[in-house]
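**Student:** Predicted model, plus sequence, below.
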Amino acid sequence: MRIVKMTGSLLAGLMLALQVQAAEPMRLISADAGATNMIVALGLADSLVAVDVTSPASGDLAELPRIGYHRNLSAEGLLSLSPTHLVGTDHMGPDTTLSVLEGAGVELIRLPAAYSLTALESNLKTMAEALGREAQAQSLLDRFTAQTAELQTHSLKGNKVAFILSARGGFRLAGAGSNAGQAMIDLLGADNVADFENYRTVSMESLLAMEPDVILVAGEMSGDPAAALLDSQPLLAHTPAGKRGHIYSVDGASLVAGLSLAALDEAERVANAVGNPDPSSH
Amino acid sequence: MLEIRDLLVEAGGRRLLQLDNLTLPAGQFVALLGPNGAGKSSLLKAISGEVGCRGELLFHGQSLRHWNPQERARHVAVLPQASSLTFPFSAREVVEMGLMPLSLSRQAGADVVRAAMIDADCLHLAARSFPGLSGGEKQRVHLARVLVQLVQAEKTPLLLLDEPVSAQDLGQQHNILRLAVRLAQQRGITVLAVLHDLNQVLRYGMRCLVLAEGALVADGEPEAVLTPHRIEEVWGYRPERYTTEERFALL
Amino acid sequence: MNRLPAIPAAAVLISLLMVGVVLSLTQGAVSMPASGSLTAIWDAVFSSDRSGLLSHEKVIVLELRLPRLLLAMLVGAILAQCGAVMQGLFRNPLADPGIIGVSSGAAVGAVLAIVVLPVAWQIWAVPTAAFIAGLLTTLLVYSLARSSAGTSVVMLLLAGVAVAAFAGAGIGFLSYFTDDTRLRELSVWQMGSLNGANHQLVLLALVGFVVLAIWFQRRAGPLNAFLLGESEARHLGVPVERMKLELIVLAALGVGIAVACSGIIGFVGLVVPHLVRLSCGPDHRRLLPLSALTGAVLLMLSDLAARTLVSPAELPVGLLTALLGAPFFLILLLQQRKQWSLSGAGDS
């Protein structure tokens, strides 16, 4: 009798534990726009409880609290949201915050910033594994492979591309190195017109001298940064890109933290547009 | 007592003051006169150590440079010509700063401060904010401060006054000069004061030094030194002399 | 003269400090029973277990809130005292520790570290670089101002301004060549934050504060004399040249430590001593300890607000010190202006 009772309670306990585990919902905090993008793509948007300031602020994410700069995270602030996971780049900090979070049982997922396809793929796999969404990830990865193949077919090889970050009052050109502009240019298989590293302000004259075949414009605000830039800098029309109508807007949010899945979509769009130029579409 | 030998003060190649030999004994009120640029400030600055100089300045037999700073502070006090204190200390607090080189108990210190302020006729200003005082009042507060400074002097101290009556009204001028005489006669302090009013020197001074163009041109009793002829030589103005029963005055 | 007597003022400040400590321990983004937070400290000291808090809540109180409030108090006290000393040294109530070049130097050091060094090193490299650069800049400014005649305070000011301008240009230049991530890092650092507080930093700040407080207090009387004028101070037996060098180096060290612990937090060094002087008088023997207390209270309360107002994010604490300090300062200035115009400029 006693053995039965004991087993019964053991089983009950086990059932309870299993139920609890099965029922425990994930509460994700994302400290990086790329991570947010991936989380949404994996279908876990509902599990997000907070995002950082660089993540997009539209749609489902508009109501979420913002956690501030990722290198200055507030441990208490994050803990007050009872997260199960914290996702971000490997530069998250400060260390005190991270160790307190780990001590409190929050799982940290640190992904290096992705500036290449391999890196992006690896991040996606890591994320999927950690969050138990291998199945959803697979479909994304398939699409990933398909897009990569598309990009190779429509490669802009041999083209000189200028990637411009447009902001109030000026614009900067992306140089070589680990930045999103260069990553985008690599995706397209093209060459960067710039021979310097990182972002630099350049004069319109220098830009004209570089003779870009394609110009990509990413802006801070939503809208059509390419059109806005053409308005404020009409001389751009005299570049090879301008003459052939190859000046395109690119969604800055998809690139703010390195390559994201959305950036792949953007690259595909641009590659297609260059292949099939339509003067009315930018 | 102060012995000055072969003093030379130069700046930028220019000779500001040259004194071969000068001795100031204890208990003397010495007036220092001369036109602007004669070297009066240079002499005071050389003695007080503010400016570098060549030669010997022996104070009680020992070179001033070699005196321990705290001891020196107790024996040599300087009343500045202008005051640059803009922070809202009370007048009493300013006088209390004179206690710094001394070692007195709080009560003794307070008594000394009070006595000095009475001497300098500024006790009624004790609680007032120093920056709000008039130029003359500030000068008297500083005078009280330097008096406090000298209270614990073991050897006869030296008091340097740089134009101590320039900002004072008539009554105060005479008060301060009478005070200086008292300090010299009753407390044996050697007082060296830069003055401009010849009649004041005649009336109160025990000894008169006249500087011109960086050199000592006269040294002696005021009546003997301040002849109309000498005055014309040094200042370029020939006064008239008026004699009363006790003394004479210059106009 | 309207002056608050020192001892009651100190008592008020100490009470405010204690209220601040209790608030800082019990308030935060994570809510937990207030009595629990306070008991947790008791538990840690006496190895008991009375708080009833969960283990991660205890960690929050002991590893996050406690070091942070201690660091805030110490950094606030250090900055305020260094400000008071600088104002005395320059005989100018509007002087700020930054005037001798230490803040601009520290900023350049930090920028160099942020821009040039790999990101992974930055946690220790940035504060160290800031500290060293701040000290070197101060010594440079001091040697520029020194001549055979002594150290001219006016030259110190001018040299400090020149160095600050140069540093600003240098920072601008370096910012031009860096990428966005590092730029963001730089702007965060320049706004100051106590978020990285841990027990080592608290220890560093504690040692710094104790050394500075004792040394400064011993120079309080001579500093008063210094306000009369340099010659007057010398005549009173104060070793003026030696004191100038001492105080400048000590202030640079103090600000360097503060900057290494928490980035650049402005306003405290400028406003707090001025506030205390306007209320309790300019005597450094009172000004220094009261400034330390006021700085500690100001920074602690500012940090509390910084980490709770926009939870789960944080505001830069420098913003809040300005917001809290400025109104008080204005009120006092207005009161003082009335007094000055009433007492008159004196007749002469």
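**Tutor:** Cool, got the structure.
**Student:** what's near enough to touch the nearest residue to A:Leu165 once chain neighbours are set aside?
**Tutor:** What sits nearest to A:Leu165 in space, not counting adjacent residues and going by Cβ to Cβ, 6 or more residues apart in numbering or on different chains, is A:Arg172, at 4.8 Å. The way it works is simple: take the backbone N, C-alpha and C, and place the C-beta from them, glycine included. Contact analysis of A:Arg172 by Cβ atoms under 8 Å, 6 or more residues apart in numbering or on different chains lists A:Ile164, A:Leu165, A:Tyr199, A:Arg200, A:Thr201, A:Val202.
**Student:** mind redoing it with 10 Å?
**Tutor:** Applying Cβ atoms under 10 Å, 6 or more residues apart in numbering or on different chains to A:Arg172 gives the contacts A:Phe163, A:Ile164, A:Leu165, A:Ser166, A:Gly181, A:Asn198, A:Tyr199, A:Arg200, A:Thr201, A:Val202, C:Tyr176, C:Asp180.
**Student:** now do A:Leu124
**Tutor:** Applying Cβ under 10 Å, 6+ apart, the residues contacting A:Leu124 are A:Met38, A:Ala41, A:Leu42, A:Leu111, A:Ala114, A:Arg133, A:Ala137, A:Leu140, A:Leu141, A:Phe144, A:Ser260, A:Leu261.
**Student:** Just the buried residues of whichever strand or helix holds it, please?
**Tutor:** Applying DSSP states H and E as the criterion places A:Leu124 in helix A:117-131. Taking 16 or more other Cβ atoms under 10 Å in any protein chain shown as the neighbour-count basis, helix A:117-131 is seen to contain the buried residues A:Leu117, A:Ala119, A:Leu120, A:Glu121, A:Asn123, A:Leu124, A:Thr126, A:Met127, A:Ala128, A:Leu131.
**Student:** now stretch A:119-132: how far from the chain's centre is it?
**Tutor:** Here the centre of mass of C-alpha atoms in stretch A:119-132, compared against the chain's by Cα atoms, centre = their mean, to the nearest Å, lies 13 Å away.
**Student:** State the mean pLDDT of that stretch.
**Tutor:** In this model, stretch A:119-132 has an average pLDDT of 89.
**Student:** which stretches of the chain have low pLDDT?
**Tutor:** In the absence of a named chain, this looks at chain A. A:1-23, A:168-169, A:220-222, A:277-282 (pLDDT under 70).
**Student:** wait, I meant chain C there
**Tutor:** Applying pLDDT under 70 to chain C flags residues C:1, C:122-123, C:148-151, C:179-181, C:339-348.
**Student:** quick one, strands of it?
**Tutor:** Remark: strands assigned in chain C by DSSP state E are C:146-147, C:150-151.
**Student:** partner strands of the first one, parallel or antiparallel?
**Tutor:** Same thing as strand C:146-147. In the sheet, strand C:146-147 lines up against strand C:150-151 (antiparallel) (DSSP bridges).
**Student:** end-to-end on stretch B:209-219?
**Tutor:** End-to-end span of stretch B:209-219 (Cα to Cα, to the nearest Å): 5 Å.
**Student:** distance between that stretch and the chain's centre?
**Tutor:** Chain-centre distance of stretch B:209-219: 17 Å, with Cα atoms, centre = their mean.
**Student:** Pull out the buried positions in it.
**Tutor:** Buried residues in stretch B:209-219 (16+ other Cβ under 10 Å): B:Leu209, B:Val210, B:Leu211, B:Ala212, B:Gly214, B:Leu216, B:Val217, B:Ala218, B:Asp219.
**Student:** List the backbone torsions phi and psi for the first one.
**Tutor:** Taking degrees, to the nearest 10, you get phi -110, psi 130 for the backbone angles of B:Leu209.
**Student:** Tell me which two of the contacts of A:Leu124 sit farthest apart.
**Tutor:** Largest separation among those by Cβ to Cβ: A:Ala114 and A:Arg133, giving 18.0 Å.
**Student:** So the two - more neighbours on which side?
**Tutor:** A:Ala114 (24 against 20; other Cβ atoms under 10 Å in any protein chain shown).
**Student:** State whether that one is indeed within a strand.
**Tutor:** No. Counting by DSSP: H, G, I helix; E, B strand; the rest coil, A:Ala114 is not part of a strand but coil.
**Student:** Look up how far C:Ala326 lies from it.
**Tutor:** 44 Å (Cβ to Cβ, to the nearest Å).
**Student:** Counting residues, what is the longest helix that chain C contains?
**Tutor:** Ranked by number of residues, the top helix in chain C under DSSP state H is helix C:317-343.
**Student:** anything in it near chain A?
**Tutor:** No. Against chain A, helix C:317-343 shows no contacts by Cβ under 10 Å from any Cβ of the partner chain, the least distance being 10.9 Å.
**Student:** Check which residues of that helix are buried.
**Tutor:** C:Val317, C:Gly318, C:Leu319, C:Leu320, C:Thr321, C:Ala322, C:Leu324, C:Gly325, C:Phe328, C:Phe329, C:Leu332.
**Student:** For it, name the packing helices and strands.
**Tutor:** Applying 3 or more Cβ pairs under 10 Å, 6 or more residues apart in numbering or on different chains; DSSP states H and E, we find helix C:317-343 packed against helix C:66-89, helix C:180-191, helix C:268-280, helix C:284-308.
**Student:** Tell me which of the ones you listed is the most buried.
**Tutor:** helix C:66-89 (a mean of 28; mean count of other Cβ atoms under 10 Å in any protein chain shown).
**Student:** Confirm for me that B:Trp235 is in contact with B:Ala212.
**Tutor:** Yes. Counting by Cβ atoms under 10 Å, B:Ala212 is a contact partner of B:Trp235 at 8.7 Å.
**Student:** Common neighbours of those two, please.
**Tutor:** B:Leu33, B:Gly34, B:Pro35, B:Ala38.
**Student:** Spatially nearest residue to the first one (excluding sequence neighbours)?
**Tutor:** This means B:Leu33. Closest to B:Leu33 by Cβ to Cβ, 6+ apart is B:Val210, at 5.0 Å.
**Student:** From B:Pro88, how far out is that neighbour?
**Tutor:** B:Val210 sits 41 Å away from B:Pro88, going by Cβ to Cβ.
**Student:** In chain B, which residue sits closest to chain A?
**Tutor:** At 39.9 Å from chain A, B:Phe87 is the closest residue in chain B, using Cβ to the nearest Cβ.
**Student:** Doesn't that residue lie inside a helix?
**Tutor:** No. Going by three-state DSSP, the assignment for B:Phe87 is coil, not a helix.
**Student:** What confidence value was assigned to it?
**Tutor:** Looking at B:Phe87, its pLDDT stands at 89.
**Student:** so it touches C:Pro273, yeah?
**Tutor:** No. Contact between B:Phe87 and C:Pro273 fails when scored by Cβ under 10 Å: they sit 11.4 Å apart.
**Student:** So for these two, which residues contact both of them?
**Tutor:** Shared contacts of B:Phe87 and C:Pro273, counting by Cβ under 10 Å, 6+ apart, come down to C:Gln87, C:Gly88, C:Pro93, C:Pro282, C:His284, C:Leu287.
**Student:** residues touching A:Ala62, list them.
**Tutor:** A:Ala62 is in contact with A:Pro56, counting by Cβ under 10 Å, 6+ apart.
**Student:** quick one: it from chain B, how far?
**Tutor:** Distance, A:Ala62 to chain B, using Cβ to the nearest Cβ, to the nearest Å: 56 Å.
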